[in-house]
Structures are given as C-alpha cells and as structure tokens.
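*Asks:* Fold the following and give me the result.
(chains A and B)
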Amino acid sequence: MPVVVFLIIGALLLVLQTSLIPMLPAWLGKPEFLFLLIVFIPSRMGVIPGASVAFLLGILSDVYSGIYLGLFPITYLLIFFVLKGIYRFVAVNETFYQAPIVAVAYLLTCGGIFIAAMLLGDGSQPQWTWDAVLVRTLLVAILTMPFFSLFDLCWEKSAVHQPRWRLFKRKKRENRFRN
Amino acid sequence: MRNKKGGKKQHNYALIIFGLVLSILFILVVSTVGRKEFGSSHKFLLEIIGPAQSVIARATTFFSAMTDDYTALINVREENRQLKDELQKAWKQNIEYREAAATNEGLKRLLQFKEALPVPTLSAQIIGKDPSIWFRTVIVDQGSNDGVLKGMPVATSTGIVGQVLGTSPSYAKILLATDPNSAIDVMLQRTRTRGILKGQGNGLYELHYVLKNEDVVLGDLVVTSEQGGIFPQGLSVGTVSRIYKDQRGMFREIDVEPTTDFSKLENVLIIMKKNTLTP
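*Replies:* Below you'll find the predicted structure:
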C-alpha cells in the first residue's frame, strides 16, 4: 500500500512541478518537490519497496525531464542507497538534521547530473549556474520540514491500511518437541 | 346661609368673566373675519408658538435626516456590496477578455505563419516544462497518433523552438533550441554565411563554425538553413548580440539572441513531413 501511495504522490508532485511551478514568477524559484520525496523514502521504506519506488519515479522523471533516458532512475537509486546507508548507521532521522542532509544531497545530485550531462553530451557544455543551484538548494532545505511532515502523515495513514500478504508467508510451525 | 350667599356671588363672577371672554373672542372673530393680515393676537400667538414649532421642526428634521442617513447607509452598504461584486465580475470578465484577445492574437499570428509555410504543420499546445536546471525540454499535446515523428522541427511565428525528441501516441517531448544538446544548421541572412547554432542553456544561442574572415556585424539576422535537412529555409532564429573578436583559432565565437521568447511559449507549430500528416 505505501508503495502505491508514494508512487501516486510522486506522480502528482512531478505533474505539479512541470505544469504549475514553471508558471510562477522566476524570483520565487522552482522548488523540486519530487526530490524531497526521493530523500524521504529511504528514511521510512525498506530496501526493496523503497528502491522500487525511487526507480519507478526516476523512470517517470525521465519522461518529463532531461534527454538521456536512464539518468534519473540511476540518480534516484544512488540517492536512495546512499541515504539508506546514512540513515541506518547514523542517527540523523531527527527533523533537525533532515534539512542539511536534503541540501547536501541536492547539491551533490545537481553536480552528478551536471557531470553526467557533460559526459553524455556530444560536445555540448551545459553551464553551471551557481545562482540557480543555490536558490533551489535553499528552497528544498526550507521545504524539507513541511513536506517531510506531510509525507510522514501519508506514510502513517498508508501503513495502517497495509494488506498482509499471508499467501506468501509461511506459517510458523510450533515446536513439536516441546510436549 | 353666609356660605350660600358667597357661592352665588362666585358663580355670578364666573359667569361675568366667561361672558367677557366669550365677548372678546366674539369681537376678535368678528373683527378678523374677511381680513388677510394678522392681528396683534395672531402675531402674539405666532411669536409664542413659533419658537416651539421651530424647535420641534428642527428636531424632526434632525431625526428624519438621521433616519434617512441610517437607511441610506444600510442601502449604501448593500449597494456597495453589490457594486463590489459587480466590479469583481467586471475584473474577471476583463481578464478573461484580455486573455482571450491575447490568445486570439497569438493564434492569429500562428495561423498566418502556418499559412505562409510551404510545408504542412500541426499546432500543439505546451502542457509541461522541464523542471531541471540542466535540460531544456517541453511536452506538447500532439503525439505519434497525430503524425508527429522524432526529429521534426518545431517553430512559432516569432522563430524556431526546437526539435521533437521523442513521442508517445498522444504526446511528444521537444528539445528546445536553447538546450546545450541542440544543434541547428543556420545562416546569416545578410551574408548567407552558414554556421551551427547551439544552445547555451541560459536562454541564448551560440553560433559556431563561422570563419574569422566572414563579415558579421551586431544585429545580423540569423535564419534557418535548408542544408541541415531538418528546418525549412529562412525561419527566423535570432539576432547577433555579441561577437568575440580576440579569440584564437579559425572560427569566431558569436552569441545570438533568440527571436522566440521561450518563457512565454504556449502554442507551437510542428513542421511535418508531407507524408506524415494524418487525415
């Protein structure tokens, strides 16, 4: 259930990002809502469902953004696994640490995509624009807390209605030698 | 006995006074009948009653005015609310009319451009824009079902827009000419000097492979060249905005400012090949 819910949320955020946000005045910046979701997923979801959601949202992003197919799924998977590792071994699940982590992750992702675009582009040289990158980084950092709260709420609501896959679960055998 | 006598006397006096008053009144009435001017009694009465009347009249006027004002205020409030509603409706209508007029104007220009083009075209509306920093693409509402194919050129009445990058049955993704990965065969309209136009990613173009000895001046119009095999000849691209003179190598570096305003793109024309148009 959470997988489907988060896929739908991701799709909605992407639609919002590609249709409504470009209409806003330039000085407001263009926040990347989907990125916030990608960073949120490793903090709550398990490896397989989380990676699946990240990968599928990456494919969806490929359709709407960029010109090299596969760039976003790989990027999102990398973000997922790196953050999953960080969340597992470092106690940074608290809200206080989330904004800096999102900001750093966004900066690194921007850099990664920039380098990939440079390497994949046939002689094309995309221009690194600090202004746009920093404004967007600041925006995602600011939006982290409200969006993470919203995602948390969705996570809790969807996790409550999680169906139990009894079909695939083996029934625990009782200890035959106890009696 | 004495009391009886005294009572009679008093009764007589009263009768006399009453008779006198009645006589005076009678004389007064008789003397004023037929006259048009106030007598002294009238004047006296008027002088006494006048001020009271005046005070009452003023008070009545005051209260009447106050009531009128209050009623008017209630009406004004209601009227104000109605007027505000009407104003809002008028604003909304005005915005709608302006929007319709602007859309109409844009579509008219697009239609004129479409009719002027020698090849068939398909109009499409932009429904999504690339949210990333590094790429410049848009999604339009026409796809392979409408005959759109990868590589088809896209333009507006003001100039070129880009090329079709990929299609689905109902939608297509367009690589804008301002993307660093876009390369278009162009030429300077005045001198017919050819070059390759590439996007800079910041909204400007860069003109490559123009030899240093070629005659290029600021403001030169850049148009598409048919030699590239993608765009039809002579579509407006932009104007030369900067020429870097002190550069090493054989070629000049030239910045070109697009004639198309990419921030205001709404409708575009996909330039079709003749055999790809669906009926």
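
*Asks:* rest of the way, CA atoms for contacts and neighbours
*Replies:* Fine.

*Asks:* Give me the most central residue, chain B.
*Replies:* Centrality entry for chain B: nearest residue to the mean C-alpha point is B:I95, 3.8 Å, by Cα atoms, centre = their mean.

*Asks:* Okay, and B:V154 sits in which element?
*Replies:* strand B:153-156 (DSSP states H and E).

*Asks:* Now the helix or strand just after that strand - C-alpha only, PDB.
*Replies:* Counting by DSSP H and E, the next helix or strand C-terminal to strand B:153-156 is strand B:159-167. The C-alpha trace of strand B:159-167 is given here as PDB (Å, rounded to 0.1, in the frame of the first residue of the first chain):
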ATOM      1  CA  GLY B 159      11.100  31.900 -34.600                       C
ATOM      2  CA  ILE B 160      12.300  28.400 -34.200                       C
ATOM      3  CA  VAL B 161      11.600  26.500 -31.000                       C
ATOM      4  CA  GLY B 162      13.400  23.200 -31.300                       C
ATOM      5  CA  GLN B 163      13.000  19.600 -32.400                       C
ATOM      6  CA  VAL B 164      10.900  16.600 -31.400                       C
ATOM      7  CA  LEU B 165      12.900  14.400 -29.100                       C
ATOM      8  CA  GLY B 166      10.500  11.600 -28.500                       C
ATOM      9  CA  THR B 167       6.900  10.700 -28.900                       C
END
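
*Asks:* What is the helix or strand just after strand B:159-167 packed up against?
*Replies:* Per DSSP H and E, strand B:159-167 leads on to strand B:172-176 as the next helix or strand towards the C-terminus. Using 3 or more Cα pairs under 8 Å, 6 or more residues apart in numbering or on different chains; DSSP states H and E, the elements in contact with strand B:172-176 are strand B:137-140, strand B:159-167.

*Asks:* need the helices for chain A, in chain order.
*Replies:* A:2-19, A:33-44, A:47-64, A:71-89, A:95-120, A:130-160 (DSSP state H).

*Asks:* Out of those, which is closest to B:L207?
*Replies:* B:L207 lies closest to helix A:95-120 among the helices of chain A, at 19.2 Å (Cα to Cα).

*Asks:* So which bits of that closest one are buried?
*Replies:* Buried residues in helix A:95-120, counted by 16 or more other Cα atoms under 10 Å in any protein chain shown: A:98-103, A:105-107, A:109-110, A:113-114, A:117-118.

*Asks:* Could you point out which of the residues you listed is nearest to chain B?
*Replies:* A:F114 (6.8 Å; Cα to the nearest Cα).

*Asks:* what secondary structure does the nearest residue to the closest one once chain neighbours are set aside sit in?
*Replies:* Spatial nearest neighbour of A:F114, excluding adjacent residues (Cα to Cα, 6 or more residues apart in numbering or on different chains): B:W134 at 6.8 Å. Secondary structure, DSSP: H, G, I helix; E, B strand; the rest coil: B:W134 is coil.
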